[in-house]
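Novice: Give the three-dimensional model of this entry:
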Amino acid sequence: MQEIKIAGIEDIKRLSSEDAGGTLINVLTAEQHAEAHIPGSGQACVFETVFIDNVRKLAPDRHAAVLVYGAGNSFDVTVAAAKLMSAGYSDVRVFPGGIDEWRAAGLPLRGNTPDVPCLDYPPILPLHARYTLMPKASTLRWTGRNDITSHWGAVPLSSGVLHFKNTGQTLEADGCINASMSGITCEDLAADPAGLRELLAHLASEDFFRTRLFPRASLKIGELTPLEGAGHGLPNYHGKALLTICGCTQMIESSLSLRNLPEGGLSLSGLLSVDRTNWGVLYGSARFFRFLGKHKVDDLITLDAKMIFEKG
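Specialist: This next block holds a predicted model:
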C-alpha cells in the first residue's frame, strides 16, 4: 500500500533547487499564497473541486515527486496527499510544518506580506455603525414537537435595525428585529391542505399566539459580547435580547455567529430553544395540564435565525 512520505525543510530546499525533478505546491487559497509562500512553490487550493486539475497543470508527470505544504498544524496537506494518491500520483510528500515551521526557522518567504504572520481567527467586528435588515434575504425558522411527530415552518421578518458603537474596537450594540406572527407558515403539512389550515388556525388562536391581538413579535438586542478564541466556523458572539411574544417580554440569550458580508453587509445567525410557557403559551404543556393524551405538546420551540443586513 502506498504511503505518504514526510518531508522536512531540507527536503524542500533540495526540491527547490535546479533540476530537482519534482514540484513544490502550496495547497492554500490563491489569496493566502499571494500574501506569503515558500519560494519556488506553485499554488493549487485543496479546498476547491478543481484541485487535481490544477495540480496536473503544475505536475503533469504523476511519477515525479510532488511535495505539498500548507499553513502548518492543519489537515490541509493530509487531505491534499490523499487526493493526489487517489489521482494516481506515486511519489507524494508532505511538509506538515508548513509556512509556520518555515517562518519559525527564519527562512525567507515571498509574497505581498511575507513578514506578517496571519492570525488564524482574527476577531470579526462590524465595519459600520448602522445596519438595516433585509427581510426577503433573512429567515426565522421554527420547529415544534410532541411525542409522535414535529412541525416546522417560518415566521416572516418584517423590519429591523442594528446599531454599533466603537466599531473596530470594543463592541457595543443595540437594535430591534420585528416579525409578523400573523404570517407564520408550516412547511411539513404542505401536501395536506386541510391539516395545514387546521394547524395554522390553531397557532393563530387563543391556544397559542393570539395573532389577532398580537400580530407582531419583536426582538430587542441589548448585548453582543465577543467570544474569545472562537473559530470562524463557530459562533463568535454571545447575545442577550428581550423577546416579546403575545404582549409578554422575556430575556433570552444564545451564542451567535456574526459575519461581515460583501458590499458592507452583515449577517447575524443563531440557533436556540425557547420555553413557550414563559410567554404564557400553555396549550398542551404537561407542566400545567394533566391527562393530555395526544394533545401533549413539548414546551420547547427551536428557533433558527439567519438575519441579513445592509449597511446604513
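
Novice: ok, which stretches of the stretch 201-312 of the chain are strands?
Specialist: Across the stretch 201-312 of the chain, reading from the start of the chain, the strands by DSSP state E, counting those that start in this stretch fall at 216-226, 237-245, 248-260, 266-275, 300-311.

Novice: Nearest to C186, out of those strands?
Specialist: Smallest distance to C186 across these (CB to CB): 12.8 Å, for strand 300-311. Where C-beta positions appear, they are placed from N, C-alpha and C, glycine not excepted.

Novice: Partner strands of that closest one, with direction?
Specialist: Using DSSP bridges, the strands paired with strand 300-311 are strand 130-133 (antiparallel), strand 139-145 (antiparallel), strand 266-275 (antiparallel).

Novice: Need the three-state assignment for A82.
Specialist: When classified by DSSP: H, G, I helix; E, B strand; the rest coil, A82 comes out as helix.

Novice: Give the burial count for the closest residue to S269 other than its chain neighbours, as a bare number.
Specialist: On the basis of CB to CB, 6 or more residues apart in numbering, the spatially nearest residue to S269 that is not a chain neighbour turns out to be K306, at 4.5 Å. Other residues near K306 number 16, with proximity taken as other CB atoms under 10 Å.

Novice: rewinding a little: rebuild the strands paired with strand 300-311 as TSV, extending it with distance to T23, mean pLDDT and mean neighbour count.
Specialist: Formatted as TSV, the entries for the strands paired with strand 300-311 read as follows, by distance: least, CB to CB, whole Å; pLDDT from 0 to 100; neighbours: other CB atoms under 10 Å:
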stretch	distance to T23	mean pLDDT	mean neighbour count
strand 130-133	46	97	19
strand 139-145	45	98	18
strand 266-275	39	96	18
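
Novice: Those: which one's closest to V281?
Specialist: For the strands paired with strand 300-311, the distance to V281 is smallest for strand 266-275, at 9.3 Å, taking CB to CB.

Novice: contacts for the closest one?
Specialist: Strand 266-275 has contacts (CB atoms under 8 Å, 6 or more residues apart in numbering) with 126-128, 131, 162, 235, 239, 243, 252, 254-261, 299-309, 311.
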